[in-house]
Each structure stands twice: as structure tokens, then as C-alpha cells.
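Engineer: Sequence plus the predicted model coming up.
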Amino acid sequence: MNILLVGSGGREHALAWKLSQSKHLDTLYIAPGNAGTAKVGVNVDIKPNEFDVLGKFCLDNNVEMLIVGPEEPLVKGITDFFNYSPKLTHIAVIGPCKKGAMLEGSKEFAKEFMVKYNIPTARYQSFTSKTFPEALQFLKTLSPPYVLKADGLAAGKGVSILTDFEETSRELKEMLSGKFGDASSKVVIEEFLSGIEVSVFALTDGNSYIILPEAKDYKRVGDADAGLNTGGMGAVSPVPFANAEFMKKVEERIVIPTIEGLKKEEIPYIGFVFFGLIKVKNEPYVIEYNVRLGDPETEVVIPRIQSDLVELFQAVANKKLQDYKLIIDSRTATAVMLVSGGYPGEYQNGKEIKNLDMIKDSIIFHAGTREINNSVVTNGGRVMAITSLGTSMKETLGKSNQNANLIDFEGKHFRHDIGFDL
Ligand code: AMP
Ligand code: GLY
């Protein structure tokens with residue numbers, strides 16, 4: 001079959017890399033893709049939010065399956081667009097409908113859902129500019145640090161964690177006055193949870209589900225978790241503390257109630273659910289839902305899946321997940337992200353990336369790259385993930401770091417200690 005994958009990051013290159021190995025694939029198209037996806041499929045110059053152009057492309061190219069990588073088109077309703085456009089209904093979409101995508105698109109919706117279905121999460125209340133005085137009252141009932149979350153999508157910048165009360169109330173006021181536009185016209189204030197985080201992924205056909213390998217990502221830009229938050233500087237899978245006992249709690253208290261809750265709400269959800277979890281005294285709590293795979297988590301999760309990915313997505317589309325047995329590679333995967341100098345602040349694009357052909361024992365997943373005149377250049381803050389598989393975290397980190405040193409571009413930066421806390 002022909003497949004169209006939407007997105008352009010390391011997550012999409014990892015998905016494309018795996019899809020391209022399937023015996024069921026004819027042509028894989030990626031819109032818009034990057035220099036890495038171009039090596040395993042055909043890049044198409046269409047933006048993820050151009051639904052009608054994507055739809056027309058699918059018809060013209062006999063595409064039978066649409067896989068949506070990033071959250072924005074899902075939150076904007078790409079799945080509903082395909083499911084309700086008469087000419088497109090035959091195309092299977094992997095990605096939830098607009099209502100389901102609200103689990104990520106609205107923090108308040110997600111919190112209400114968790115409370116309704118008894119899913120463990122931090123205590124919270126949500127406020128608008130009209131209820132600012134009440135918001136301050138609620139803040140006073142909490143002890144610092146204070147967690148403020150813009151209700152809507154804010155390109156990963158909508159969460160503030162502050163310790164000073166005055167600073168928190170100023171930040172809250174700014175958010176409610178439009179710091180993140182419409183996304184922060186409502187703000188969720190929640191109790192701070194102290195613990196260690198882990199990302200768990202489920203794939204559901206709307207009825208049953210499978211749990212994919214878990215992963216941990218490293219968000220701070222500097223070694224030992226110092227410096228600013230980024231989109232993610234690296235990841236590891238499996239996560240040793242997420243042992244069978246912990247994962248049983250996650251499945252029983254979080255995954256099952258979420259899938260069942262979606263059914264009770266009559267939200268047809270076909271696609272990934274990403275549970276951003278925190279372990280507090282051995283108990284799992286949900287920090288956030290996302291309605292897609294994580295990045296850079298995908299770059300360690302996908303290489304550990306041995307099953308045919310097209311077959312897996314066909315099982316989802318045909319609602320046959322119940323009988324599906326996922327085969328997992330028990331080895332450890334570590335991804336180290338190379339980023340542009342200055343990221344997550346200002347950085348320059350267009351730097352030539354050298355020595356890519358010298359990499360032997362790691363997999364390179366491109367993120368912000370593009371090809372110009374036969375050379376690959378940087379085209380984003382996060383440039384590429386270097387994933388290594390092996391029997392220990394020490395071995396895989398060693399391989400990834402060695403290759404991170406080898407690849408060269410002006411301003412290159414990476415963390416040397418991915419997995420240090422495990
Ligand atoms: P989010 O965008 O909801 O994932 O939040 C970004 C990051 O803020 C999370 O990955 C956590 O590290 C942190 N965070 C969010 N909510 C809380 C909370 N209630 N307690 C502690 N840390 C939190
Ligand atoms: N790595 C976290 C995310 O994809 O949101």
C-alpha cells in the first residue's frame with residue numbers, strides 16, 4: 001500500500017525508517033519530511049495543516065493510509081477532515097479525531113477527564129482573567145513550587161514552574177492577558193509533584209490497546225539537567241525503574257481507565273496515547289497526555305519494535321489490535337540529540353553537516369535538516385538523533401557519544417550524559 005506520513009522531525013524519520021522496512025509498503029510519502037526521510041521515502045512539499053492539499057495528494061497518488069506525527073494537525077481536526085470528506089473516507093487515518101486530540105489540546109479537558117475517570121494526577125483548578133482573584137486564593141492553598149499551564153497548545157512553552165509567589169502571580173496575570181494568545185486565556189494551576197518522569201505510549205484501535213516500550217527523555221539543554229528546557233536532548237528505553245510492578249500499576253490505574261473513559265465519552269480514538277507520567281513514592285501519576293508519539297522518545301522506542309509497522313497499523317485500522325502480538329527487542333536504546341548552537345534560544349540554519357557517511361554502528365534520525373545541492377545542512381534547533389542499541393546503557397551511550405563527536409557542523413552541541421540518573 002501507499003502511505004502518507006505527516007511531519008518533519010526525528011519522530012517522523014524514525015517512523016519512516018521503520019515503515020520503509022515493511023513488505024507491505026509500496027511507496028511512502030512524507031509531508032514535508034527532512035533530508036533523512038528523503039532517503040527512505042518521497043518527500044512532498046505540503047505543510048501538515050494544509051488538509052485539503054494533503055487530501056488531494058492522497059487521491060492523486062492512491063494513498064490508502066495517513067499517519068499523523070505531530071499534534072497540531074490532530075488538534076486542528078485532520079482526522080475528522082479525512083473521515084468526513086466523502087472522497088477520503090476510504091483512507092485509514094492513524095491519529096485521533098479532534099475531540100480525542102483535546103487530551104493534548106486542552107489541559108483543562110484532560111484534567112476533567114482524569115478526575116472523572118479516577119486517573120491519578122495532581123490536584124488542580126482552572127481560571128480565566130475574570131477569576132484572577134480566585135486564582136490567587138487557590139495559589140495560596142498550594143505550597144511552592146507553583147505549576148501554571150496554558151490550557152491550549154503553546155509550542156511546548158506553556159508550562160511555568162515558579163517558586164516565588166509574587167513572580168507566580170505576575171506570570172499568571174501575563175498568561176491570562178494573552179502571553180500565549182488564545183492558548184493561555186485559560187490557565188490550569190496545579191499542585192507540584194516531586195518524582196522521576198517516564199513516558200509511556202499506548203496504541204489503540206478505539207477498542208483494545210497495546211503498550212509500546214516506555215522511554216525517558218532529557219529536556220534540559222545541559223549536562224546533569226542544567227540550563228533551559230528544550231524539545232528533548234536525548235532519550236533511553238527501557239527505563240529500569242519502570243519495572244513490571246510499576247507498569248502493572250500504570251496499566252491498571254492509567255491506561256485502561258483512559259481507553260475505557262474515551263469509549264464512555266463516545267470519542268472514537270484511533271492512534272497513539274502518550275502518557276507523560278511521574279513516579280511519586282512508587283506510584284504513577286499523569287503529568288500530561290499527548291495524542292502522538294514523543295520526540296525524541298520515538299527515536300528509541302521504534303528501533304526496539306521488531307514487528308512490521310505497516311502490519312501493526314493495519315491491525316489498528318481494521319480494529320484487530322486485540323489479537324495482535326507486538327515483538328519487542330529486549331536490548332537498550334539510547335538516543336543523543338545534536339542541536340544547533342544557541343538552541344533553545346536563537347540559532348542559525350544552513351550549516352553543512354559533515355561525516356554522516358562515517359557513522360557505522362548507530363542509526364541517524366534526522367530532525368532539523370534539509371538537503372541543498374547534494375549536501376545536508378541544518379534546518380532547525382534539534383538537528384538529528386543518534387540512536388544506538390546494545391546490552392547496556394553504558395555501551396549504547398558510549399556508541400552514540402562517539403558518533404556525536406564524529407558528526408560535525410558549526411555550533412554543534414549535545415549532552416554527554418543521557419541516562420545519567422538511571
Ligand atoms: P507538560 O507540558 O505538561 O509536559 O509540562 C512540562 C514539564 O513540566 C513536565 O515534563 C514536568 O517536568 C513539569 N511538570 C508539569 N506539571 C508538573 C507537576 N504537576 N508537578 C511537577 N512537575 C510538573
Ligand atoms: N519528549 C516530549 C514530547 O514529545 O512532548
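Structural biologist: Here it is on my side, so go on. Ligands and ions are numbered 1, 2, ... in the order given.
Engineer: Regarding this structure, what is its longest helix?
Structural biologist: helix 393-406 (DSSP state H).
Engineer: what comes up buried for that helix?
Structural biologist: For helix 393-406, the neighbour count (16 or more other C-beta atoms under 10 Å) marks 393, 396, 397, 399, 400, 401, 403, 404 as buried. Heads up, the C-betas are built off the backbone N, CA and C, glycines and all.
Engineer: so the last one makes contact with residue 336?
Structural biologist: Yes - counting by C-beta atoms under 8 Å, residue 404 does reach residue 336; the two are 5.0 Å apart.
Engineer: Pull the distance from the helix or strand that contains residue 4 to the chain's centre.
Structural biologist: Taking DSSP states H and E as the definition, residue 4 sits inside strand 2-7. Offset of strand 2-7 from its chain centre (C-alpha atoms, centre = their mean, to the nearest Å): 17 Å.
Engineer: elements contacting the following helix or strand past it?
Structural biologist: Using DSSP H and E, the helix or strand that directly follows strand 2-7 along the chain is helix 10-19. Judged by 3 or more C-beta pairs under 8 Å, 6 or more residues apart in numbering; DSSP states H and E, helix 10-19 is in contact with strand 2-7, strand 28-32, helix 37-40, helix 298-301, helix 309-317, strand 363-366, strand 382-390.
Engineer: Just confirm yes or no for helix 10-19 near ligand 2.
Structural biologist: No - judged by C-beta under 6 Å from any ligand atom, helix 10-19 stays clear of ligand 2, getting no closer than 7.5 Å.
Engineer: and the angle from that helix to strand 28-32?
Structural biologist: Calculated by axes from the mean of the first three to the mean of the last three C-alpha atoms, to 10 degrees, helix 10-19 forms an angle of 170 degrees with strand 28-32.
Engineer: Now helix 10-19: average pLDDT?
Structural biologist: The average pLDDT within helix 10-19 is 98.
Engineer: So what touches the longest helix of the chain?
Structural biologist: Here helix 393-406 makes contact (C-beta atoms under 8 Å, 6 or more residues apart in numbering) with 234, 236, 332-336, 338, 355, 358-359, 361-362, 364, 386-390, 414, 416-419, 422.
Engineer: tell me the angle that helix makes with strand 382-390.
Structural biologist: Comparing the axes of helix 393-406 and strand 382-390 via the same axes, to 10 degrees yields an angle of 140 degrees.
Engineer: Any idea how far helix 393-406 is from the middle of the chain?
Structural biologist: Worked out by C-alpha atoms, centre = their mean, helix 393-406 lies 23 Å from the chain centre.
Engineer: Show the average pLDDT along that helix.
Structural biologist: pLDDT averaged over helix 393-406 gives 97.
Engineer: go on, stretch 198-218?
Structural biologist: 98.
Engineer: same question, stretch 51-71
Structural biologist: Averaging pLDDT along stretch 51-71 yields 98.
Engineer: that older thread, the contacts of helix 393-406 in helices, which ones?
Structural biologist: Among those, no member falls in helices (DSSP H).
Engineer: how about the helices of this protein, start to end?
Structural biologist: Counting by DSSP H, the helices of the chain are 10-19, 37-40, 51-60, 71-75, 78-84, 98-105, 107-116, 132-141, 165-174, 244-250, 256-264, 298-301, 309-317, 393-406.
Engineer: pLDDT at the residue most central in space within the chain, what is it?
Structural biologist: Here the mean C-alpha position of the chain is nearest to the C-alpha of residue 294 (C-alpha atoms, centre = their mean), at a distance of 2.1 Å. We have a pLDDT of 98 for residue 294.
Engineer: what does the stretch 101-250 of the chain have sitting close to ligand 1?
Structural biologist: So far as C-beta under 6 Å from any ligand atom goes, the stretch 101-250 of the chain lies against ligand 1 at 122, 147, 149, 159, 190, 192, 193, 197.
Engineer: how does it look with 5 Å?
Structural biologist: Residues of the stretch 101-250 of the chain lying near ligand 1 by C-beta under 5 Å from any ligand atom: 122, 147, 159, 190, 192, 193.
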